[in-house]
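>>> Fold the following for me, if possible:
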Amino acid sequence: MSAIGSTLRSKLRLSISSFLHHDLTRTPIFKHYISSSYSSSSSITSPLSFNHTTKTISDILYSQHPRHYHDGRPRGSLWRGKKMIGKEALFVILGIKRVKHDEQNLENFIKIHVSRLLKMDMVAVLNELERQEEVDLAVKMFWVIQKQDWYTPDVYLYKDLIISLSKSKKMEEAMKLWESMKKENLYPDSQTYTEVIRGFLRFGSPGDAMNIYEDMKQSPDPPEELPFRILLKGLLPHPLLRNKVKQDFEEIFPDQSIYDPPEEIFGLR
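Model prediction:
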């Protein structure tokens, strides 16, 4: 019985191997590969033997025809790695970047092409322009979004733009967004206050930085240390203003310490 079973198994393996050989040789790629395998080895006793040394089908396909085709993903800076930007949004991004130095053409392009975008495409364009640090174009995109019927006030849209403008020392544009945000009854968070205060200090406007500081003290959110410390460091050349902020800091954070540099740094000596 064991001999009969062994014979049946051998015949079954031979039949399957013959079937695979017949089917694969109908494909030119595999036919060429199999025939070359026969010619290179005279010890093969079966039409095609599959073992751990046999190449996979994908290996055979790629070795015969390397993939030179485009897989459809956008290349360069517009590929975000996680999701694909729609064709309409991609067209708008490239278009407004192309005409950004011509104000008249830019306004015409926005009027014709940007206004017809769907909600998700508009938001995608705004986010991508921010990612590419095209902050001026991102602000223009925001004003278009704000006029849409579906627009609802969103503090995070304001936050990203205001922070980007502050880091670029474009404080006038940042304040326009700041006032618009306040009109929509939105409150900045601690990070936004920090970057705006830092921006005014870099811009050389400690008085404006103090105005933002006074606004921060009226915020319904609990105060955080970072904006205080940024202001205390930036006001080193202005001891009177710094002492006022220092007193507030010591009242709000009694367990925290403040480093005071030597007096000559204040310009008193």
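>>> Flag the shaky bits of the chain, pLDDT-wise.
1-84, 262-269 (pLDDT under 70).
>>> And it, what are its domain boundaries?
Residue ranges for the domains of the chain, per automatic domain parsing: 7-64, 86-152, 173-269.
>>> Among those domains, which comes closest to residue 162?
Of all these, domain 173-269 sits nearest to residue 162, with 5.1 Å by CB to CB. Where C-beta positions appear, they are placed from N, C-alpha and C, glycine not excepted.
>>> picking up where we left off before, turn the domains of the chain into CSV, columns for distance to residue 158 and mean neighbour count.
Shown next, in CSV, are these (distance: least, CB to CB, whole Å; neighbours: other CB atoms under 10 Å):
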stretch, distance to residue 158, mean neighbour count
domain 7-64, 50, 12
domain 86-152, 8, 16
domain 173-269, 4, 15
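>>> what's the closest of those domains to residue 164?
Of all the domains of the chain, domain 86-152 sits nearest to residue 164, with 4.4 Å by CB to CB.
>>> what's residue 180 in contact with, if anything?
Residue 180 makes contact with 146, 158 under the criterion CB atoms under 8 Å, 6 or more residues apart in numbering.
>>> ok, now residue 87?
By CB under 8 Å, 6+ apart, the contact list for residue 87 is empty.
>>> Next, format the domains of the chain as CSV and append distance to residue 163.
Below are the domains of the chain laid out as CSV (distance: least, CB to CB, whole Å):
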stretch, distance to residue 163
domain 7-64, 47
domain 86-152, 10
domain 173-269, 5
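>>> mind listing the helices for this structure?
Using DSSP state H, the helices found in the chain span residues 2-24, 28-40, 57-64, 87-98, 103-109, 119-131, 135-146, 155-167, 171-183, 190-202, 206-217, 225-234, 239-252.
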